[in-house]
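# pasting the sequence and the predicted model now:
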Amino acid sequence: MAKEDEIAYLSRAGAGSAEHAAAKPFSDPQCGMYLVRIGTLMALLPPPPARVLDLGCGTGWTSLFFARAGYEVVGADIAPDMIRLANELRDREGLANASFVVSDYEALTFHNEFDAVVFFHSLHHADDEGLALRKAFAALKPGGVLLADEPGVGHAASENSLEAVAKFGVTEKDLPPAHLVELGRAAGFEAFRVFPCAESLAKVVYTGRAEPLPDPFADTGPAAERLHRTGLRRTCDRVLSRLRPTPAWRLTNVDHLLLHIHADGLVLMRKGAHSARAAA
Ligand SMILES: C[S@@+](CC[C@H](N)C(=O)[O-])C[C@H]1O[C@@H](n2cnc3c(N)ncnc32)[C@H](O)[C@@H]1O
């Protein structure tokens, strides 16, 4: 019943939830961190007026940020009440370059239409994230990029997620970059980059309030094995070799953060410029 529960979430979540969702990111105590994350996404998108498909857009705050910057945006969400609010917010701002559709991202029918697909905190609600990535792949034009800003290791077991699952029946998963890269490769994507999670980086650099992170290089278990298998170890080494000569940095925390990108990070994947592969 997970999809029905996703659809019912806003009506079940009670007083104030719709108002909070409609006023994001400014309604949230983590507003600054949301802005850091969306700024990073916008730095990685192709320039406007590229066509962007924002999947699991909720009330569409990310879509409207993209639209204000000049992108041609389609926001899609499985929940009709989320899309009703998104349409109201779009109309209030008169943004003709944003449109919204009720759609399950595991059943998309777009083909070769978009320059970019964004999943922002939404793919981890999927029944089958591999299927959603295959549908997103089909929606992209050859050469298009997919950006996935999703929670990594530890999300499903967090207190908030356990409460959301128990109360509302929604799906909560860990989607570490290593897992997304493997599924993306199977979907047909040809090039991958994994960036440190912008929020974690900002916390370390600007607030000094970083969570203590384990060192995956000291780990000989599945996490270290995944780091090697997905090629992320090379990315870590490259970034670290650039940072080490700057002694003013809090090297220990930043090192650990960068080494942690197999578990938590922003994933960019690109469809080949000549890709003719169809979605499964
Ligand atoms: C945590 S919310 C994030 C919403 C929005 N991206 C934001 O940042 O405010 C997850 C969203 O994913 C949507 N969702 C869940 N499963 C989906 C599916 N199969 N297809 C499309 N949207 C889905 C939910 O309705 C919800 O709006």
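Done, it's in.
# how about the residues of the stretch 101-250 of the chain by the ligand?
By CB under 6 Å from any ligand atom, the residues of the stretch 101-250 of the chain that approach the ligand are 104-106, 120-122, 125-126. All C-beta atoms are positioned from the backbone trio N, CA, C, and that covers glycine.
# those residues in helices, which ones?
Per DSSP state H, helices hold no members of these.
# of those, which belong to strands?
Using DSSP state E, the subset of those located in strands is Phe120.
# now the residues of the stretch 101-250 of the chain next to the ligand in a markdown table, with pLDDT?
What follows is those, written out as a markdown table (pLDDT from 0 to 100):
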| residue | pLDDT |
| --- | --- |
| Asp104 | 98 |
| Tyr105 | 98 |
| Glu106 | 98 |
| Phe120 | 98 |
| His121 | 97 |
| Ser122 | 98 |
| His125 | 97 |
| Ala126 | 97 |
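# now the nearest residue to Thr40 once chain neighbours are set aside: how far from the ligand?
Nearest non-adjacent residue to Thr40, counting by CB to CB, 6 or more residues apart in numbering: Ala198, 4.0 Å away. Applying CB to the nearest ligand atom, to the nearest Å, the value for Ala198 to the ligand is 14 Å.
# residues touching Ala198, list them.
36-37, 39-40, 266 (CB atoms under 8 Å, 6 or more residues apart in numbering).
# turn the residues you listed into JSON lines, columns for neighbour count, distance to the ligand and pLDDT.
Formatted as JSON lines, the contacts of Ala198 follow (neighbours: other CB atoms under 10 Å; distance: CB to the nearest ligand atom, whole Å; pLDDT from 0 to 100):
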{"residue": "Val36", "neighbour count": "18", "distance to the ligand": "14", "pLDDT": "94"}
{"residue": "Arg37", "neighbour count": "21", "distance to the ligand": "9", "pLDDT": "95"}
{"residue": "Gly39", "neighbour count": "13", "distance to the ligand": "14", "pLDDT": "97"}
{"residue": "Thr40", "neighbour count": "19", "distance to the ligand": "14", "pLDDT": "96"}
{"residue": "Leu266", "neighbour count": "22", "distance to the ligand": "14", "pLDDT": "94"}
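# which members of those occur in strands, if any?
Leu266.
# and the contacts of Ala198, which of them are in helices?
Using DSSP H, these in helices are 36-37, 39-40.
# so what would you say the end-to-end distance of stretch 71-86 is?
16 Å (CA to CA, to the nearest Å).
# just how off-centre is that stretch within its chain?
16 Å (CA atoms, centre = their mean, to the nearest Å).
# where does pLDDT dip in this protein?
Across the chain, residues meeting the criterion (pLDDT under 70) sit at 1, 208-260, 262, 276-280.
# can you map out the strands along it?
51-55, 72-77, 98-102, 114-120, 140-149, 191-196, 265-270.
# switch the ones you listed over to TSV; also include distance to Ala156.
Shown next, in TSV, are those (distance: least, CB to CB, whole Å):
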stretch	distance to Ala156
strand 51-55	20
strand 72-77	21
strand 98-102	26
strand 114-120	17
strand 140-149	16
strand 191-196	20
strand 265-270	17
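# ranking these by burial, who's on top?
Between those, strand 51-55 has the highest mean count of neighbours, a mean of 27, where neighbours are mean count of other CB atoms under 10 Å.
# neighbouring strands - and their directions - for that strand?
strand 72-77 (parallel), strand 114-120 (parallel) (DSSP bridges).
# with respect to Arg185, which of those strands lies nearest?
strand 114-120 (16.2 Å; CB to CB).
# and the residue nearest to Thr40, how far is that from Leu35?
10 Å (CB to CB, to the nearest Å).
# what of Gly169?
From Gly169 to Leu35 the distance is 31 Å (CB to CB).
# and Ala21, by the same measure?
17 Å.
# right, and Leu10 touches Pro80 too?
No - in this structure, Leu10 is not within contact of Pro80 by CB atoms under 8 Å, at 9.6 Å.
# with neighbour numbers in mind, choose between those two.
Set Leu10 next to Pro80 and count neighbours by other CB atoms under 10 Å: Leu10 wins out with 21 against 11.
# before I go, just wanted to say thanks for your time.
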